[in-house]
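Q: Show me how the following folds:
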Amino acid sequence: MAEFRIEPQQTSGPKKLIIFALVSAVLLSGIALIALYVRYHPSTPRSSSAVNIPDVLRAGDTNFEYYKTKIRIENVKASLGINYNNSRVAMISGTIRNDGDRKLEALELHVTLYDMWGKFSKERTVFAVRPGVGFNPKPMEPLERRTFNISLEGVEYYWDPKEIVLEITGLKYK
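A: Just a heads-up that it's a prediction; the model follows:
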């Protein structure tokens with residue numbers, strides 16, 4: 001004959017309750033921090049067309065032509081990435097060297113990309129150095145080196161990362 005025993009159900013009450021309370025507190029504080037960051041973090045314009053920096057010197061100005069020769073762009077590298085929308089993104093990085101005797105406040109670059117056959121693919125004008133923006137918002141001191149990163153979305157399939165043209169189209173210095 002089979003014998004059945006009824007054992008009392010064991011409860012682990014206090015341990016599970018404390019763990020649940022701690023996990024809930026961590027999640028709620030994380031959500032609160034994200035909400036504060038979104039609320040008080042100043043957003044910066046993503047498009048270069050929305051950026052307006054007064055007194056930027058352009059081609060044709062003798063001061064632009066003189067100081068343009070004092071700016072060096074070195075170690076330019078390009079790579080391809082895919083963003084969350086499955087769009088191809090060209091990521092370009094390099095180093096800017098200010099060989100002049102003045103502080104460089106803003107530097108505008110015109111980026112041109114080409115495909116595998118040397119045909120024009122995409123272009124964009126961006127500020128590689130801007131006052132008050134980026135990891136180092138201060139102007140570039142004379143003889144300073146600073147890295148820059150530029151990304152261009154919507155790059156075509158046959159883009160050639162070895163064929164990039166960077167041209168200085170605007171600058172502002174003190």
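Q: quick one: buried residues of the longest helix anywhere in the chain?
A: In the chain, ranked by residue count with DSSP state H as the criterion, the top helix is helix 13-40. Neighbour-count burial for helix 13-40 flags no residue at all (criterion: 16 or more other CB atoms under 10 Å). From N, CA and C alone the C-beta is placed, and that goes for glycine too.
Q: Helices of this protein, start to end?
A: Remark: helices assigned in the chain by DSSP H are 13-40, 62-68.
Q: Check the offset of the first one from the chain's centre.
A: Yep, that's helix 13-40 we're talking about. Centre-to-centre, helix 13-40 and its host chain are 30 Å apart (CA atoms, centre = their mean, to the nearest Å).
Q: so what's the residue nearest the centre of the chain closest to, chain neighbours aside?
A: In the chain, the C-alpha nearest the mean C-alpha coordinate belongs to Asn149, at 6.3 Å (CA atoms, centre = their mean). Closest residue to Asn149 apart from its sequence neighbours, by CB to CB, 6 or more residues apart in numbering: Ser93 at 4.9 Å.
Q: Now do the strands in the protein.
A: Remark: strands assigned in the chain by DSSP state E are 57-58, 71-82, 88-98, 104-115, 120-129, 145-153, 159-173.
Q: winner for burial among those strands?
A: strand 104-115 (a mean of 20; mean count of other CB atoms under 10 Å).
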